[in-house]
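Undergrad: Please work out how this folds:
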Amino acid sequence: MRYVLAHDVGTTGDKATLFGEDGVLVASAFASYETSTPRTGWSEQQPGDWWRALCETTRALLQRTSVRPAEIAAVSFSGQMMGVVPVDQAGDPLRDAIIWADLRAVEQADRAAAVVDPQRAYALTGHRLSASYSAAKIAWIKEREPEIYRQSVKFLQAKDFLVLKLTGVQATDRSDASGTNLYDLEQARWSEELLGAFGLDRDRLPDLHDS
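TA: Numbers count the residues shown, from 1 in each chain. Model (predicted):
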């Protein structure tokens, strides 16, 4: 028997599930982590906590089921969207992650809306321009934490950070990209128009792949 190990990197913790190649659930495990609110409207998490939770749940499943690591055929991820994890050349996070619930970047979203008509942005991305999405949060980092922006090689989502930890690959899928306010749905690529509106650099976004 071969197995698929699936991790759901949620807001309150990591739920890991182990499935046989026949699609039958073998076992599941959960490890929690904290969300910090340094100021009103801010929501942050430590990417290291996601990694700790992944290791804890993986270890628990393998020990509980006696499945050997070599029997894991694939590891897959789903997770919270619309966040920001800036990483350096070594793949290490440069600050705590700004997660989906954070609304600090209203000013940056409003500024982009003055450049690109909101109806045009909606047609491109399928989303309204909002501080909820990643683009405004990255723009906030660029403006308020310029040294972190300068050192950032890529801005990732939660599950992408864990994929990077496991594989060394800085990438995202089109589902998570669609929650950034920067992804052109029809062209299936990062939108230069919206990157310009937010004042962001294309090379700091990860490569795009199908799920």
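
Undergrad: For the rest of this, base every contact and every neighbour count on C-alpha atoms.
TA: Will do.

Undergrad: Could you report the neighbour count for R68?
TA: 11 (other C-alpha atoms under 10 Å).

Undergrad: Strands of the protein, start to end?
TA: In the chain, strands defined by DSSP state E lie at 3-9, 13-20, 25-32, 44-45, 72-79, 85-87, 97-98, 154-156, 171-173, 183-184, 189-190, 207-209, listed in chain order.

Undergrad: Distance to E145 added to the ones you listed, as JSON lines?
TA: Shown next, in JSON lines, are these (distance: least, C-alpha to C-alpha, whole Å):
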{"stretch": "strand 3-9", "distance to E145": "26"}
{"stretch": "strand 13-20", "distance to E145": "28"}
{"stretch": "strand 25-32", "distance to E145": "29"}
{"stretch": "strand 44-45", "distance to E145": "15"}
{"stretch": "strand 72-79", "distance to E145": "26"}
{"stretch": "strand 85-87", "distance to E145": "11"}
{"stretch": "strand 97-98", "distance to E145": "13"}
{"stretch": "strand 154-156", "distance to E145": "14"}
{"stretch": "strand 171-173", "distance to E145": "23"}
{"stretch": "strand 183-184", "distance to E145": "24"}
{"stretch": "strand 189-190", "distance to E145": "23"}
{"stretch": "strand 207-209", "distance to E145": "24"}
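
Undergrad: Out of the ones you listed, flag the one nearest R120.
TA: Closest approach to R120 among these is made by strand 183-184 (11.0 Å; C-alpha to C-alpha).

Undergrad: Does anything pack onto the closest one? Which helices or strands?
TA: helix 118-125, strand 189-190 (3 or more C-alpha pairs under 8 Å, 6 or more residues apart in numbering; DSSP states H and E).

Undergrad: Of those, which is nearest G23?
TA: The nearest among the helices and strands packed on strand 183-184, by C-alpha to C-alpha, is strand 189-190 at 32.6 Å.

Undergrad: For that closest one, give the mean pLDDT please.
TA: In this model, strand 189-190 has a mean pLDDT of 98.

Undergrad: need the longest helix for this structure.
TA: The residue-count maximum for a helix in the chain (DSSP state H) belongs to helix 47-65.

Undergrad: and among the helices and strands packed on strand 183-184, the most buried is which?
TA: Stretch with highest mean neighbour count among these: strand 189-190 (a mean of 20; mean count of other C-alpha atoms under 10 Å).

Undergrad: Give me the helices and strands touching that strand, please.
TA: Counting contacts by 3+ C-alpha pairs under 8 Å, 6+ apart, strand 189-190 packs against strand 183-184.

Undergrad: Show me what the strand it packs on pairs with in its sheet, parallel or antiparallel.
TA: strand 189-190 (antiparallel) (DSSP bridges).

Undergrad: residue nearest the centroid of this structure?
TA: Nearest residue to the geometric centre of the chain (C-alpha atoms, centre = their mean): Q157, 1.2 Å.
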